[in-house]
Each structure stands twice: as C-alpha cells, then as structure tokens.
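> structural data only, the sequence is not supplied:
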C-alpha cells in the first residue's frame, strides 16, 4: 500500500467539480431525480441476487469479491478495494481488489494470500476523516491501496477516491474504497444508491471473519484432539511397557516373552499382523521366533507352522537398509514410489510374510544389540500413511529395546550354559583320556610285552589272552571315539543332507536353477573330514550364488567307492582368471586350508566369461 498524496483543497459538500481532481469532503446528494430511482432499483436487484447467493453458499468468503464487484457496478466506479479491519492489531487487511475488470480475490487465492496487503489503519489516507464521515463516503485524492503484484505491474496513475468505513452497529469491520479516473467526477447519486449494498458488504466481511475464526478454532480443536489421542496412545504404551519391564525382570521362556512383546507392539501400533526374526551368523540366515496373525499368536512348534519356522534370507537391499540405516522403513507393495529407493523395483513376493497375510503395507524395524543388527520386527498393516510412521517407530522403539534386553539376557544365559557344558565335556574328555584310555593303552602294551617275553608259554593261554587284548584295543578305540563325540557335529545327518540343506537356504535369494545331485552309496566319514568338506561346499555354493551372476548352479556329492568322496560346485557365471592377483579372495584361501587339513585335493577351474568349477576330493591318493 502507498500513502495518499497530501491535500491542499478545501472541503466542499458537493463532489461535483470542474477541477481534474476531487476535493476532500463528504459526498452528499444534490437532489432527487428519476436517475436516482433507477440506480436504487438496480442496487435492489443486485442485493436480491447477492442474498440468494448467501443462502446457498457453504463458504461466505466466496462472496467478498462478488459484493465488491456489484458495488463498483452500481456506483459506476472504475475499481475499488475491500479491506477488513482487525481491532486487535488496528490493521487493515486487503480482501479483494478490482480495477478495470481485473479481480484479485485475496480471501480465496492462496498465491495472492501470501502477498496479502496489511497496513496500520492510522497510516491509511484520511483514515480519521473516513471514520468521522459516519455512514457517508469521504472523497479524497489517490486510492491508498496499491498491491505489489505482477498483475498490477502497469501503473494506473493517480485517481479520485471515495472511502467508507463499514460498520456493524458501532463496531468498525472494514473499509470500502471506490476509485474513479481523474477525468470523471464522482457521481454522488450512484454512490448513495449503494448504501444498502455497503451494509451487506459489512455483513459479508464479518461473516468471512467469523468463518476464518471458525476454521482456526477447528484447526486448534483438531490439533488438541490429535495431541490428546497421541497422549492417550503414549500413556497406553507406557503402561504396556511397564508391564513388559516387569515381565523382563522375571522371564524364563524367551519365545513366550517375545510373543507377548509382539502382541503389545501390534496393539500399540494398530498393525494387523507381525513377526520377530533373528539372524544366525553361522548359516547367514534369518529365522522367525514369534508370529502373530489375525489376532492370534502362532504356535511355532505345531506342524502347521513349519513354513513359518524355516530359515530364510531377506532381500539383500532390505537387509542392508536394516543393518546400515538402522532406523527401519515401511513399504507400500501397491505403490513403488512410496517405498525407499532401494526397494522400488522389488515385487511383493520378496516379503513372504506379508504375502501370506495379505497386508498391503509392511513396516520393518531392526533389533540392535551392541551396534549390530541381530534381527528385525515385521508389522503388516491394512492401511498406512507417511504421517503415521514416526509415531509407529516411536511406540515400537521402546518395546524393541525391551526385547533386545531379553535377547541379550538369553544369549548370556546360553553362553554361560554352553560354556559350562563345554567345560564339563572337556573335563569328561580329559578324565577318559587320562584314566580309562591310558589304562586300556597300558593293558595293550603290557600284553604285547608279555607275549614277547613268555615265548612258547604264551601259547598255553593264547585264546583268553588274545581275547583280553582284543577287548582292550576295542575299549581304547571306543574311549577315543567317546572323547571325539563329546563335541556336537556340524553335519548330524551326513554330508549329502547337510549340502542339501544349505542349498535350500541359498534358493531363498538365488533365483536361478540350483540342482544338488548325489551319486553312489554314501558311507560314514570321519567327523573332521565330513565337516571340512561341508564347509568347502558351503563356501563355494554361496560365492557362486552371490558373486558369479550365474544363470545356473550345479552341486554334486559323489561316493565313487566305500572309501572316497568327491564334492563339486559348478556355475556358468562370469568366471575369473585364477592367475591374476585379486584382493578379497579369502574364501578360496580358506577352502584350500580346509582341504589341506584333511589331506584332500582341491582344484579350481575358471576363466573370464566361462564360469567356475571347484572340486574337492578325499582322500588325495
């Protein structure tokens, strides 16, 4: 807004003047004419239409520019402005501006509202004079309203103006300004015809203000309601957390405690289904330890839950997000753009859990222990929004912390138990070795010595003495076998079965054909031989699945005879040059060392673009 130029003209009761600019003063009616009656009739028709609009409109703010345009039409003006007066700040706020047919509706246009003109009422040209001219227009030079908008970049120059303070009773609610070209005299009779319309304008301004105030109050109420709901959710979560802490101090069954925590998380977050999965570093896989589907905890020991308890491998990109970002994420399986960038190309089938439950949305939150991701929580939702995610993450965070503490406690307990068992096994092994095995070994040695010294006399008692010696030899072998068996096997069901099981795990993330072929008749192997061959096969198979970009992988476990075994892993991937030095080939070095320990032959055949074959044969005859 720009202030009006100062006036030096004297006030006159009439606005009619031959001067190019209007003198400041009240506008009065010179005399009654038929033209006045026509103007009043036109004003009455406009008012009737406006009243009909008012009764049918849901938002009265839409009438602000309409009533201004109608007043300008009846008053024969070139333009005008309607401003709302704010008593608390004593400011005038531009609501609508019209000039030469251009209508700027600040009250209903967000772009214009951001540049809404606001100025102190005391600085408006002739404000006190306008207030003094009660229920009468006051004529002055220059409008005093100049919005700084691109639509009004062209200057229209100085104009004659007439201002009227809009009142509801004794309360000022706004200001109406009408503008005319300098070459046009302000028509008093047409301005006076707008009297009823100006009162209607005051009503519209007040109703618009009430509508704004009502909206602001509704927003405040909505915010207060949201705050109350959030406080209620947090209070409920705190109560549940207190109960979980009590359970944590005395829990004895980790699966049961995990299931209870999962149920509380689902209730607090509003999820439909959920599961907790833990990472196994030995097999590099995940396994679910608690599942909640359709309002019930799933008994993972039941035969019907076998599919849910199988080890699985998470999509590598998703697992990286959980291990690196550690903040969790949520996905919408029907809207790729609503997922993290790393998962936008993933199909819904990669999440077996939500595929089973039919949930469109899934939220995954990591379980962090000592800075490492040891598992994650999966929540399935029927509906979900970005705005809901921070609250869900906050509510679940405390529960996840309790679960992590329980897992840590369980791990410590298991570690202590395993250490105690290992110590007891070592003690038994030492006792057997130092007492029974040594005694049997001495018996065998003494019998051999006795045979050499007795000579022909040995023949008199050969049969019972040979029996004693045989029993001692067998007892010594059994004692040594018992010492070895005190250590649990890595391949409890044999080499071929162990290779089949690791292949099943690899199929969880390798999408090409993977065939395991067993030929010959399997036979028992020394435990050390069986475990090292299995480790070689596992390393070769996982390397092929993850790094070779192969379209097919073949694994063979062959028993050529009752003494030997051959393990081979072949892929048709990118291959490499074994002669070229390359950092990071620790797996190949490890396989070579394992083969060396058991006296097996390890061969590697590969070249760029021709795939890779790794073969281990035992014994190396």
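Arrived safely, thanks for sending. Bear in mind that the values here come from a model prediction, so they are computed numbers and not experimental data.
> after the lowest-mean-pLDDT helix or strand in the chain, which helix or strand is next?
Least confident helix or strand, the chain: helix 34-56 with a mean of 55, by mean pLDDT, DSSP states H and E. Of the helices and strands lying after helix 34-56 in sequence (DSSP states H and E), the nearest is helix 63-75.
> so what does that next one touch, helix or strand wise?
Applying 3 or more Cβ pairs under 8 Å, 6 or more residues apart in numbering; DSSP states H and E, one finds that helix 63-75 makes contact with helix 34-56, strand 79-86, strand 91-99, strand 102-105, strand 171-180, helix 188-192, helix 195-250. All C-beta atoms are positioned from the backbone trio N, CA, C, and that covers glycine.
> out of those, which gets the lowest mean score?
The minimum mean pLDDT among the helices and strands packed on helix 63-75 belongs to helix 34-56 (a mean of 55).
> Three-state assignment for residue 158, please.
Under the three-state scheme (DSSP: H, G, I helix; E, B strand; the rest coil), residue 158 adopts coil.
> that one contacts residue 182, doesn't it?
Yes. In this structure residue 158 lies within contact range of residue 182 using Cβ atoms under 8 Å: 6.4 Å.
> contacts only, for the residue nearest to residue 372 when sequence neighbours are not counted.
Distance criterion Cβ to Cβ, 6 or more residues apart in numbering; nearest residue to residue 372, sequence neighbours excluded, is residue 323 at 8.0 Å. By Cβ atoms under 8 Å, 6 or more residues apart in numbering, the residues touching residue 323 are 366, 372, 373.
> quick check, the last one in a helix?
No. The assignment for residue 373, made by three-state DSSP, is strand rather than a helix.
> so what are the domain limits for this structure?
25-214, 244-409, 416-485, 495-618 (automatic domain parsing).
> relative to residue 228, which of those is closest?
domain 244-409 (13.9 Å; Cβ to Cβ).
> can you list contacts of stretch 353-365?
269, 271-273, 275, 293-294, 308, 318, 321-322, 328-334, 348-349, 351, 376-384, 389, 392-393, 396-397, 400.
> among those residues, which are in helices?
Of the positions in those, 269, 308, 318, 389, 392, 393, 396, 397, 400 sit in helices, assigned by DSSP state H.
> show me which of those are buried.
269, 308, 318, 392, 393, 396, 400 (16 or more other Cβ atoms under 10 Å).
> ok, which pair from those residues is furthest apart?
Based on Cβ to Cβ, the longest span within those runs between 308 and 393 and measures 25.0 Å.
> returning to that earlier point: export the domains of the chain to JSON lines and tack on distance to residue 220?
What follows is these, written out as JSON lines (distance: least, Cβ to Cβ, whole Å):
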{"stretch": "domain 25-214", "distance to residue 220": "10"}
{"stretch": "domain 244-409", "distance to residue 220": "19"}
{"stretch": "domain 416-485", "distance to residue 220": "57"}
{"stretch": "domain 495-618", "distance to residue 220": "52"}
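> looking at those domains, which is nearest to residue 225?
Closest among the domains of the chain, using Cβ to Cβ: domain 244-409, at 14.8 Å.
> now the element after the helix or strand hosting residue 289, going C-ward?
If you go by DSSP H and E, residue 289 is part of strand 285-293. Note on strand 285-293: by DSSP H and E, the next helix or strand toward the C-terminus is strand 296-297.
> list the buried residues of stretch 505-523.
505, 506, 508, 509, 510, 514, 516, 518, 522.
> actually stretch 206-221, not the one I typed
206, 207, 208, 209.
> what number of residues lie near residue 205?
Using other Cβ atoms under 10 Å, residue 205 has 28 neighbouring residues.
> show me what contacts residue 444?
469, 472, 473, 476.
> and the strands in the stretch 401-550 of the chain, which stretches?
514-520 (DSSP state E, counting those that start in this stretch).
> low-confidence ranges in it?
415, 418, 422, 425-426, 429, 433-434, 437, 480-492 (pLDDT under 70).
> quick one, helices of it?
For the stretch 401-550 of the chain, helices defined by DSSP state H, counting those that start in this stretch occupy the ranges 438-454, 462-485, 495-506, 527-547.
> packed most tightly, which of these would that be?
The highest average neighbour count among these, using mean count of other Cβ atoms under 10 Å, belongs to helix 527-547 at a mean of 21.
> average pLDDT across the helix or strand following that one?
Per DSSP H and E, helix 527-547 leads on to strand 553-559 as the next helix or strand towards the C-terminus. For strand 553-559, mean pLDDT is 94.
> what helices or strands is strand 553-559 leaning on?
Here strand 553-559 touches helix 495-506, strand 514-520, helix 527-547, strand 565-571, going by 3+ Cβ pairs under 8 Å, 6+ apart.
> could you check the angle strand 514-520 makes with that strand?
On the basis of axes from the mean of the first three to the mean of the last three Cα atoms, to 10 degrees, strand 553-559 is oriented at 10 degrees to strand 514-520.
> gap between strand 553-559 and the chain center?
Centroid separation for strand 553-559 versus its chain: 43 Å, with Cα atoms, centre = their mean, to the nearest Å.
> same thing with stretch 168-180?
How far stretch 168-180 lies from its chain's middle: 52 Å, per Cα atoms, centre = their mean.
> can you pull the buried residues of it?
172, 173, 174, 175, 176, 177, 178, 179, 180.
> touching, the third one and residue 166? I think so.
Yes. Counting by Cβ under 8 Å, residue 166 is a contact partner of residue 174 at 4.2 Å.
> who touches both of these two?
Common neighbours of residue 174 and residue 166 (criterion: Cβ under 8 Å, 6+ apart): 85, 201, 202, 205.
> okay if I get those residues as CSV plus distance to residue 534?
Listed next are those as CSV, based on distance: Cβ to Cβ, whole Å:
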residue, distance to residue 534
85, 87
201, 90
202, 91
205, 86
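> turn the buried residues of stretch 168-180 into JSON lines, including distance to residue 193.
Shown next, in JSON lines, are these (distance: Cβ to Cβ, whole Å):
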{"residue": "172", "distance to residue 193": "23"}
{"residue": "173", "distance to residue 193": "21"}
{"residue": "174", "distance to residue 193": "20"}
{"residue": "175", "distance to residue 193": "20"}
{"residue": "176", "distance to residue 193": "14"}
{"residue": "177", "distance to residue 193": "17"}
{"residue": "178", "distance to residue 193": "12"}
{"residue": "179", "distance to residue 193": "17"}
{"residue": "180", "distance to residue 193": "15"}
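> just to revisit the earlier point, distance to residue 416 added to the helices of the stretch 401-550 of the chain, as TSV?
Listed next are these as TSV, based on distance: least, Cβ to Cβ, whole Å:
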stretch	distance to residue 416
helix 438-454	32
helix 462-485	23
helix 495-506	29
helix 527-547	26
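> mind checking those for the one nearest to residue 131?
Among those, helix 527-547 comes nearest to residue 131, with 82.8 Å by Cβ to Cβ.
> any idea of the angle the closest one forms with strand 553-559?
170 degrees.
> what residues does helix 527-547 touch?
Against helix 527-547 from outside (Cβ under 8 Å, 6+ apart): 284, 484, 487, 489-491, 494-495, 498-499, 502-503, 506, 509-510, 514, 525, 550, 553, 555, 557, 565, 567, 569, 571, 573, 587, 590-591, 594-595, 597-598, 600, 602, 612, 614, 616, 618.
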